[in-house]
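1. take a look and give me a structure for this.
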Amino acid sequence: MSFKRVHTASALDQPLCLPLEQAHRVIEKGEMDDEVGLMRWGSNYTFLVNIVHDDDSLMAIYKPQGGERPLWDFPDGTLCKRETAAYLTSKALGWGIVPPTFLRDGTRGIGSVQLFIDHDPEVHYFTFDKLRMMWQLERMAVFDAIINNADRKGGHCLLDDDEHLWGIDHGLSFNASEKLRTVIWDFSGLPIPPEILADLGNLLARLDADEDEYTASMVALLSRTEMRMLALRVERLVADGIFPLPGPGPNRPWPAV
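-> Numbers count the residues shown, from 1 in each chain. Just a heads-up that it's a prediction; the model follows:
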């Protein structure tokens, strides 16, 4: 399976597949010239928008900072930063879980802008062939433990036409307190494969290097305490060598899909 191309859309009825690097460039540098519509299933304001760069026009998910609903357990105005931090972490691991996501200005101010992934909404975690998807689900399970994802619903797992697994909606992540809530507990207590542990070791080394590009970018998005806890979670996974077990508190999101 290749991570070098991505399935997105130039309009609602115009799916396309293009190099991931090209899509990355459009989402990061393009002009947001149109709001296609408001996504109504979330608790925060989320817009489907059109991004144009040179001759490319792509759809993206725009979550303005000003549209975030205040939460008691997350600092105000930080969800868009956490969306961006999740992408940077996915990229640093080389796992390609999170679509290209950038903290940038848009039609309603600063916010996270994420490449729209063309997918069938009826296909999600609860409909997957789990055996066929195992190696990708293993990485997603570990990724959620790393970022302390408090909201891994089944519908936040998207499968494109190349059967590449994408994860979306990471605003409720990187909290300093333990908040892992996910539907992916399939591997709990089992050994983490050596190749995943090797990737975690590399990530931990980068987190220990203040001058590292990934670490420097993350420091601008998360608090000092949240960064320390991120490194601690990675270190714990490497030391334990097993997939995390459900904690004593709520450990599944609601609704599940």
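2. drop to CA atoms for contacts and neighbour counts, all remaining ones
-> OK.
3. run a quick neighbour tally on Asp120.
-> For Asp120, the count of nearby residues is 11 (other C-alpha atoms under 10 Å).
4. just say helix, strand or coil for it.
-> coil (DSSP: H, G, I helix; E, B strand; the rest coil).
5. can you give me phi and psi for it?
-> Dihedral angles of Asp120 (phi, psi; degrees, to the nearest 10) stand at phi -90, psi 110.
6. cool, the one 5 residues further on as well?
-> Per-residue torsions, Tyr125: phi -50, psi -40 (degrees, to the nearest 10).
7. Pro100 now?
-> Torsion angles, degrees, to the nearest 10, at Pro100: phi -50, psi 130.
8. surely it touches Val26?
-> No. Using C-alpha atoms under 8 Å, Pro100 is not in contact with Val26; the gap is 9.7 Å.
9. phi, psi of the residue positioned nearest the centre of the chain?
-> The chain has Val98 as the residue nearest its centroid, 4.0 Å off, counting by C-alpha atoms, centre = their mean. Dihedral pair for Val98: phi -100, psi 130, per degrees, to the nearest 10.
10. doesn't Glu83 make contact with it?
-> No. Using C-alpha under 8 Å, Val98 makes no contact with Glu83, being 9.1 Å away.
11. okay, Asp144: pLDDT?
-> Per-residue confidence (pLDDT) for Asp144: 98.
12. pretty sure it is in a helix, no?
-> Yes. Assessed with three-state DSSP, Asp144 lies in a helix.
13. any idea how far it lies from Arg233?
-> Distance, Asp144 to Arg233, by C-alpha to C-alpha, to the nearest Å: 11 Å.
14. what of Thr8?
-> Separation of Thr8 from Arg233 (C-alpha to C-alpha): 33 Å.
15. these two: who's more crowded?
-> Counted by other C-alpha under 10 Å, Thr8 and Arg233 do not tie: Thr8 has more neighbours, with 23 against 18.
16. beta-bridge partners for the more buried one, please?
-> As for beta bridges, Thr8 partners with Leu16 under DSSP bridges.
17. how about the helices in the protein?
-> Remark: helices assigned in the chain by DSSP state H are 20-29, 79-93, 134-147, 194-207, 213-219, 224-240.
18. which of these is buried the deepest?
-> Of all those, helix 79-93 has the most neighbours on average by mean count of other C-alpha atoms under 10 Å, namely a mean of 23.
19. so which elements touch that one?
-> Counting contacts by 3 or more C-alpha pairs under 8 Å, 6 or more residues apart in numbering; DSSP states H and E, helix 79-93 packs against strand 101-106, strand 109-115, helix 194-207, helix 213-219.
20. out of the ones you listed, which gets nearest to Gly67?
-> Evaluated with C-alpha to C-alpha, the helices and strands packed on helix 79-93 place strand 109-115 nearest to Gly67, the distance being 9.0 Å.
21. how far off centre is the closest one?
-> How far strand 109-115 lies from its chain's middle: 13 Å, per C-alpha atoms, centre = their mean, to the nearest Å.
22. end to end, how far does stretch 97-116 reach?
-> 13 Å.
23. can you give me the buried ones in it?
-> Across stretch 97-116, burial judged by 16 or more other C-alpha atoms under 10 Å covers 97-106, 110-116.
24. how about stretch 47-54?
-> Of the residues in stretch 47-54, those buried (16+ other C-alpha under 10 Å) are Phe47, Leu48, Val49, Asn50, Ile51, Val52, His53.
25. could those residues go into TSV alongside pLDDT?
-> Listed next are those as TSV, based on pLDDT from 0 to 100:
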residue	pLDDT
Phe47	94
Leu48	95
Val49	95
Asn50	95
Ile51	95
Val52	95
His53	94
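26. all set, thanks.
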